[in-house]
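Chemist: no FASTA, just this:
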């Protein structure tokens, strides 16, 4: 079996007023808006006859959709397959009217949900603080590094990486005609498989919208706009009450040890 790329893309955002995103090979985390609609797009390493979407343990009622057709629907969940570039299959997964109960771990792929031919694992979180039309945001923790696939090909010209929609000169983080360029914590990398952008040592202030792509003097920019949400590092699970208890046990234990030692010496 093989784990395939979850890729974030934007051209499908018109359907049902939702938004879509490309993701990488990790079990990525996405935060969506409560009450909103959003899409994820998956590009598998290999296709199959049966397409599925499941949640949690992927057994029994956790299997949300399983179909040999082009489209499968169940409640507010929809999966659809189509052909992408070079004839590779693409699976679209959409969630509509998202609620807190949609939060959790998911798997999407081809084959059996228990032993799939190719699949992707991902986590969805639902937030009431995100605007309903915001779509999914790739969610990372402070201090992490995010490597994000931008476009699958380059026909010439310069590649760029911007904060926001890249409508102003100040939005540009990097613009280069080389295969690699770095500006502080930001970088652009160009491989045969396409363009990637990277942000190192993420901060909460990095949360927001970004744009990447390429431009030439003879044609319009080819670009992708995506969102990143950076959350705080988890705090220690040791609360103040537990700390006090540990200190009390330490001093009591130490006191008993010294008392027994004194009794032994004076016996």
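Modeler: Thanks, I have it. Note that the coordinates shown come from a computational prediction; the quantities given were computed from them, not determined experimentally.

Chemist: Going by neighbour count, which residues of stretch 61-73 are buried?
Modeler: Buried residues in stretch 61-73, counting neighbours by 16 or more other C-beta atoms under 10 Å, are found at 63-65, 67, 72. Where you see a C-beta, it was placed from the backbone N, CA and C, and this is true even at glycine.

Chemist: Identify, from those residues, the entry nearest to residue 204.
Modeler: Nearest to residue 204 among the buried residues of stretch 61-73 is residue 64, at 33.0 Å by C-beta to C-beta.

Chemist: Could you say which helix or strand holds the closest one?
Modeler: strand 63-67 (DSSP states H and E).

Chemist: Show me what that strand is packed up against.
Modeler: strand 51-55, strand 71-74, strand 77-83 (3 or more C-beta pairs under 8 Å, 6 or more residues apart in numbering; DSSP states H and E).

Chemist: Listing request: residues of this protein with sub-threshold pLDDT.
Modeler: Scanning the chain for pLDDT under 70 picks out 1-27, 45, 84-88, 151-156, 193, 235-267.

Chemist: Now do the domain split for it, please.
Modeler: Domain ranges of the chain: 2-141, 146-231, 239-267, per automatic domain parsing.

Chemist: Return the most buried member of those.
Modeler: Stretch with highest mean neighbour count among the domains of the chain: domain 2-141 (a mean of 18; mean count of other C-beta atoms under 10 Å).

Chemist: hang on, residue 114 packs against residue 59?
Modeler: Yes: between residue 114 and residue 59 there is a contact under C-beta atoms under 8 Å: 7.4 Å.

Chemist: which residues touch the residue nearest to residue 92 when sequence neighbours are not counted?
Modeler: Closest residue in space to residue 92, ignoring its immediate chain neighbours: residue 80 at 4.6 Å, by C-beta to C-beta, 6 or more residues apart in numbering. Contacts for residue 80 were tallied using C-beta atoms under 8 Å, 6 or more residues apart in numbering; they are 70-72, 91-92, 94.

Chemist: do the same with residue 174
Modeler: Contacts for residue 174 were tallied using C-beta under 8 Å, 6+ apart; they are 160-161, 181-183, 186-188.

Chemist: Just name the closest of those to residue 133, please.
Modeler: Distance to residue 133 across the contacts of residue 174 (C-beta to C-beta) is lowest for residue 161, with 24.3 Å.

Chemist: Okay, and the beta partners of that closest one?
Modeler: residue 174, residue 212 (DSSP bridges).

Chemist: so how far is residue 201 from it?
Modeler: 16 Å (C-beta to C-beta, to the nearest Å).

Chemist: Likewise for residue 82?
Modeler: 37 Å.

Chemist: can you check residue 91 too?
Modeler: Applying C-beta to C-beta, the value for residue 91 to residue 201 is 33 Å.

Chemist: hang on, the earlier thing: specify the angle between the strand holding residue 64 and strand 77-83 in degrees.
Modeler: Strand 63-67 and strand 77-83 are oriented at 30 degrees to each other (axes from the mean of the first three to the mean of the last three C-alpha atoms, to 10 degrees).

Chemist: Need the contact partners of strand 63-67.
Modeler: 50-55, 72-74, 77-79, 113.

Chemist: and with 10 Å instead?
Modeler: 49-55, 57-58, 71-81, 93, 106-108, 112-114 (C-beta atoms under 10 Å, 6 or more residues apart in numbering).
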